[in-house]
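1. compute the structure for the input listed below.
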Amino acid sequence: MRSLRYGLPAALALAGVLFLAIRRDTLGLEMWAMLWGSAISILLFNVLFRLGATGDRERVAEEQAREHLRIHGRWPDE
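-> Residues are numbered from 1 along each chain as shown. Below is the predicted model of the structure:
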């Protein structure tokens, strides 16, 4: 999973740099921008996905705390 999460963006960024080094014209610059934009978008998608998953864990913890309150009559950390 880490290879997909971090390896793919790294490979795309490296390919962009290599393409720019090989072709020093407008096509090289356009390919560099396209590959770097793809790498950055994949990284940002991963960050947003992980932030969303964190909210799910907090929701489950809140639900368990409410169930504990219902059964025992006090909040779990009191």
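
2. just name the shakiest helix or strand of the protein by mean pLDDT.
-> helix 2 (a mean of 81; mean pLDDT, DSSP states H and E).

3. could you list the low-pLDDT ranges of the chain?
-> By pLDDT under 70, the weakly predicted segments of the chain are 78.

4. so which residue is dead centre in it?
-> Computing the C-alpha centroid of the chain and ranking residues by Cα atoms, centre = their mean puts Asn46 first, at 1.6 Å.

5. give the contact list for that residue.
-> Arg5 (Cβ atoms under 8 Å, 6 or more residues apart in numbering). Every C-beta, even on glycine, is put in place using the N, C-alpha and C of the backbone.

6. what about it, distance to Gln64?
-> 27 Å (Cβ to Cβ, to the nearest Å).

7. before we move on, what about Trp32?
-> Going from Trp32 to Gln64 by Cβ to Cβ gives 49 Å.

8. who's more crowded, the two?
-> Trp32 (19 against 11; other Cβ atoms under 10 Å).

9. ok, now which ones touch the more buried one?
-> By Cβ under 8 Å, 6+ apart, Trp32 lies in contact with 16-17, 19-20.

10. apply 6 Å and report the result again.
-> 16, 19-20 (Cβ atoms under 6 Å, 6 or more residues apart in numbering).

11. can you put those in TSV and add neighbour count and secondary structure?
-> Below are those laid out as TSV (neighbours: other Cβ atoms under 10 Å; DSSP: H, G, I helix; E, B strand; the rest coil):
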residue	neighbour count	secondary structure
Gly16	21	helix
Phe19	17	helix
Leu20	19	helix
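
12. closest one to Thr54 out of the residues you listed, please.
-> Nearest to Thr54 among those, counting by Cβ to Cβ, is Gly16 at 30.5 Å.

13. kindly provide the distance from the closest one to Asp56.
-> Separation of Gly16 from Asp56 (Cβ to Cβ): 34 Å.

14. around Ala13, how many other residues sit close by?
-> 18.

15. likewise Ala10?
-> 13.

16. now swap in Ile22 and tell me
-> Neighbours of Ile22 under the rule other Cβ under 10 Å: 9.
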